[in-house]
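J.: Build me a structure from this.
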Amino acid sequence: MKKMVAFVVMAILLVLAQSLQVAAQDAEKPEKSDKDAKAAEAKPAPEPPAPKEESSVTDHTIKMGGQTIAYKATASTTLIKDDKGEPTASIFSIAYTRSDVKDMSQRPISFVYNGGPGSSSIWLHMGAFGPRRVLTTDAGPTPPPPFKLVDNVDCLLDKTDLVFVDPVGTGFSKAVGKAKDKDFWGIDQDIKSLAQFIATYVGRNGRWNSPKFLIGESYGTFRSVALGDYLQSRNGMYFNGIVLISSVLDLGTISFPPGNDMPYIFYLPSYAATAAYHKMLKEQPADRNAFLVEARQFAVTEYAGALMKGADLSAADKADIARKISHFTGLSEDYLIKADLRVNLPQFMVELQRSRKLSTGRLDARFSGPSPDLLAEYADYDPQSTAVDGAFNAAFNNYVREDLKFGKDLTYTTLSRDANRAWDWKRTGEGPNYGFPGSPNVEQDLVEALVTNPHLHIEVENGLYDLATPFLATEYTMKHLELPENLQKNVKLQYYDAGHMMYLHEEDLAKLKANIASFLDNATKQ
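T.: Model (predicted):
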């Protein structure tokens, strides 16, 4: 019995000893495992595939002005690189080039883009200058799909080759490698990337000696003058002309910060044009153009003088000015008194047609839309944008994939709100810095571009019903560049009976084409 007990005890002790040995070995495993994990982490992650350029070339024809034009459409991506030669972005563009041109050095080429910032080039492409355009309803919502795409007889291809460019973060353009889209979202960053794209395109395609133009809309005008100056001064690439469609070079002229009365002055004639169009005036003008001359005069004299007085303006004088503003804008005198004679744009958009339960368009004040909140102080959407966005998006997305054979599985970013919100408005200019930073402004870029290249010509296209970039603000800007008289003559202003995207109005699309065609001819032959 004692032997049996001793045997059991020894067996238990043996099992216990083995268990302790296993536990000790297990205790060592985490340390070994940690080492293995660290070793694995130390190994470099597999490199992503190197970014590459892609291209699709298709052949087409279009009938314009009694002639049939054969052209190539090249939808492609172009890599731009940093100082070390590493790709940082892939920029998407669509180029239209005539197929029957033997000497490309005699053929003008235009680089075209929209603004935002954060907008693709879809609007000028599919609405104004591309060989195909989408039909939309004038001054009203376009019916739902299927949308109609037609040959654009007002295309500029009879006068110039066209390269529609999408900045990084828009269209199919994106950052690559170690870069992020936001690295390109800023005034100077945007200019540098597009300058590199244009220089690359011109070099690859043998267009250094071609007459060259920049055509931009909205923020694209802000971009154009800085980009033109950059390419002329940095790359020695001179331009024949720059077309500014719905222009803004000083963003302070279209902002409403406290204490700055200038925007209220600049907007008043545009408010007047809008009120007259919608028949919101007590006395409708018999002659709209004469009425706008009076509105301009009142804005820069009596109205400006009253605002300058600020708190010193008497109650009687305030009532008198309110009555006159009401005459021009259709807003009630009571509302104007409560607004201290200062009605900003979102307030005007919702107030003008409140009695009709309508909001007024921003990009094109001829458009109206339902006002969901009749007590709202500010408009919360733009009826012009909602009226045409669907048509432009559907038409382009179908066209680029079916006709141009590009981007089948890609997502096209028409407007990047992320880019718009994250935009870096600071500049790293090399000139002297007088005082504190003010509103973003590229007027000096335009002056420098004209001084550097006295043969550079500028054409400015203005929509009378444009509430995004009002025409009086543009007139003020262009008349205060402090240019020598011989260079001031290089700047020409044109006007249209529509809004920011004047090409949405059929008659003005034809007029826009005629004006720019004449501008291209004159700037090429000079």
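J.: give me the beta-bridge partners of Asp250?
T.: Taking DSSP bridges as the rule, Asp250 bridges to Asn441.
J.: pLDDT score for it?
T.: Note for Asp250: predicted pLDDT of 97.
J.: Hmm, Glu443 and it touching each other?
T.: Yes - if you go by C-beta atoms under 8 Å, Asp250 and Glu443 touch, sitting 6.0 Å apart. The C-beta positions use only the backbone N, C-alpha and C, and glycine is treated the same way.
J.: Name the residues contacting each of the two.
T.: Thr477 (C-beta atoms under 8 Å, 6 or more residues apart in numbering).
J.: More neighbours: the two, which one.
T.: Asp250 (20 against 15; other C-beta atoms under 10 Å).
J.: who are the neighbours in contact with the residue nearest the centre of the chain?
T.: Central residue of the chain (C-alpha atoms, centre = their mean): Gly115, 1.2 Å from the mean position. By C-beta under 8 Å, 6+ apart, Gly115 lies in contact with 216-223.
J.: show me what contacts Leu450?
T.: Contacts of Leu450 by C-beta under 8 Å, 6+ apart are 456, 458, 483, 487, 490.
J.: tally of neighbours for the nearest residue to the second one once chain neighbours are set aside?
T.: Nearest non-adjacent residue to Ile458, counting by C-beta to C-beta, 6 or more residues apart in numbering: Val491, 4.6 Å away. Counted with other C-beta under 10 Å, the burial measure for Val491 works out to 20 neighbours.
J.: And Val491, its phi and psi?
T.: Val491 has phi and psi values of phi -100, psi 120 when expressed as degrees, to the nearest 10.
J.: Could you do Gly115 as well?
T.: Per degrees, to the nearest 10, the backbone of Gly115 is at phi -130, psi -100.
J.: after the longest strand anywhere in the chain comes which helix or strand?
T.: As assigned by DSSP state E, the longest strand anywhere in the chain is strand 67-81. Later in the chain than strand 67-81, the nearest helix or strand by DSSP states H and E is strand 87-98.
J.: Could you pull out the buried residues of that following strand?
T.: Using 16 or more other C-beta atoms under 10 Å as the test for burial, strand 87-98 gives 87-97.
J.: angle of it against strand 67-81?
T.: 170 degrees (axes from the mean of the first three to the mean of the last three C-alpha atoms, to 10 degrees).
J.: For strand 87-98, name the packing helices and strands.
T.: strand 67-81, strand 161-165, strand 174-175, helix 187-204 (3 or more C-beta pairs under 8 Å, 6 or more residues apart in numbering; DSSP states H and E).
J.: That strand: partners in the sheet, and parallel or antiparallel?
T.: strand 67-81 (antiparallel), strand 161-165 (antiparallel), strand 174-175 (antiparallel).
J.: of those strands, which approaches Tyr264 most closely?
T.: strand 161-165 (35.4 Å; C-beta to C-beta).
J.: give the contact list for the nearest residue to Ile122 once chain neighbours are set aside.
T.: In this structure, Ile122 finds its nearest non-sequential neighbour in Phe396, 5.0 Å apart by C-beta to C-beta, 6+ apart. Contacts for Phe396 (C-beta under 8 Å, 6+ apart) come out as 122, 125-126, 134, 412, 414.
J.: Top of the residues you listed by number of neighbours, please.
T.: Counting by other C-beta under 10 Å, top hit in the contacts of Phe396: His125 with 29 neighbours.
J.: From the chain's centroid, how far away is stretch 362-372?
T.: 20 Å (C-alpha atoms, centre = their mean, to the nearest Å).
J.: in that stretch, what's buried?
T.: In stretch 362-372, counting by 16+ other C-beta under 10 Å, buried: 362-369, 371.
J.: can you tell me how far Ala316 sits from Ser439?
T.: Separation of Ala316 from Ser439 (C-beta to C-beta, to the nearest Å): 34 Å.
J.: Compare those two (neighbour count), which wins?
T.: Set Ala316 next to Ser439 and count neighbours by other C-beta under 10 Å: Ser439 wins out with 13 against 8.
J.: mind checking the SS state of the nearest residue in space to that one that is not next to it in sequence?
T.: Once flanking residues are discounted, Ser439 sits nearest to Gly252: 3.1 Å by C-beta to C-beta, 6+ apart. Classification of Gly252 by DSSP: H, G, I helix; E, B strand; the rest coil places it in helix.
J.: got it, and the one 4 residues further on?
T.: Under the three-state scheme (three-state DSSP), the conformation of Phe256 reads as coil.
J.: Test for you: state the pLDDT assigned to it.
T.: 97.
J.: give me phi/psi at it?
T.: Torsion angles, degrees, to the nearest 10, at Phe256: phi -130, psi 60.
J.: how near is it to Met308?
T.: 17 Å.
J.: Which one's more surrounded, the two?
T.: Taking other C-beta under 10 Å, Phe256 and Met308 do not tie; Phe256 has more neighbours (17 against 11).
J.: Between the contacts of Gly115, which sits nearest Pro108?
T.: Gly216 (16.3 Å).
J.: Make sure the closest one is indeed in a helix.
T.: No - using three-state DSSP, the assignment for Gly216 is strand, not a helix.
J.: In space, what's closest to it - neighbours in sequence excluded?
T.: For Gly216, the closest residue by C-beta to C-beta, 6+ apart turns out to be Ser224, at 4.0 Å.
J.: Help me confirm that the one you found is found in a helix?
T.: Yes - the assignment for Ser224 (three-state DSSP) places it in a helix.
J.: Does it touch Ile242 like I think?
T.: Yes - shown here, Ser224 and Ile242 form a contact pair, counting by C-beta under 8 Å, at 5.2 Å.
J.: who's more crowded, the two?
T.: More neighbours surround Ser224 than the other of Ser224 and Ile242, with 32 against 29 (other C-beta under 10 Å).
J.: OK, contacts around that one?
T.: By C-beta under 8 Å, 6+ apart, the neighbours of Ser224 are 214-216, 242-244.
J.: one more time with 7 Å, if that's ok
T.: Ser224 is in contact with 214, 216, 242, 244, counting by C-beta atoms under 7 Å, 6 or more residues apart in numbering.
J.: Please, where are all the strands along the stretch 301-450 of the chain?
T.: Taking DSSP state E, counting those that start in this stretch to define them, one finds strands in the stretch 301-450 of the chain at 358-360, 368-370.
J.: Paired strands for the first one, with orientation please.
T.: In other words, strand 358-360. For strand 358-360, pairing defined by DSSP bridges yields strand 368-370 (antiparallel).
J.: OK, contacts around Met104?
T.: 206-207, 210.
J.: is it true that the residue nearest to Ser439 touches Pro437?
T.: No - if you go by C-beta atoms under 7 Å, Gly252 and Pro437 don't touch, sitting 11.3 Å apart.
J.: who's more crowded, those two?
T.: More crowded of Gly252 and Pro437, by other C-beta under 10 Å: Gly252, with 16 against 10.
J.: and that one, what does it touch?
T.: Gly252 touches 260, 438-439, counting by C-beta under 7 Å, 6+ apart.
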